[in-house]
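In: missing the sequence, but the structure's below:
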């Protein structure tokens, strides 16, 4: 309970098909053991459009920030 943590809140959208192959290649470079499941027809990539960030930085240090305050 004392650990720092962040919750990202926003809208999730399925990645357009034309962007899928670039993201898939990058994903598989980082996660090569996922090659089999990434090939399933029902495996899709999504993008999170962050709207808010709920930050717990320690006991009594809690803030909700808008996405404009974030550096990603």
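Out: Great, that's in hand. Please read these numbers as outputs of a predicted model, since none were measured by experiment.

In: So in this protein, which helix runs the longest?
Out: Counting by DSSP state H, the longest helix found in the chain is helix 17-30.

In: Would you mind listing the buried residues in that one?
Out: Buried positions in helix 17-30, judged by neighbour count with 16 or more other C-beta atoms under 10 Å: residue 24. No exception for glycine: its C-beta is placed from N, CA and C like everyone else's.

In: who touches it?
Out: The contact list for helix 17-30 (C-beta atoms under 8 Å, 6 or more residues apart in numbering) reads 15, 34, 35, 38, 44, 45.

In: Could you dump those into TSV with neighbour count and distance to residue 70 added?
Out: Conversion of the contacts of helix 17-30 to TSV gives the following (neighbours: other C-beta atoms under 10 Å; distance: C-beta to C-beta, whole Å):
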residue	neighbour count	distance to residue 70
15	14	20
34	13	27
35	11	32
38	15	28
44	11	25
45	15	21
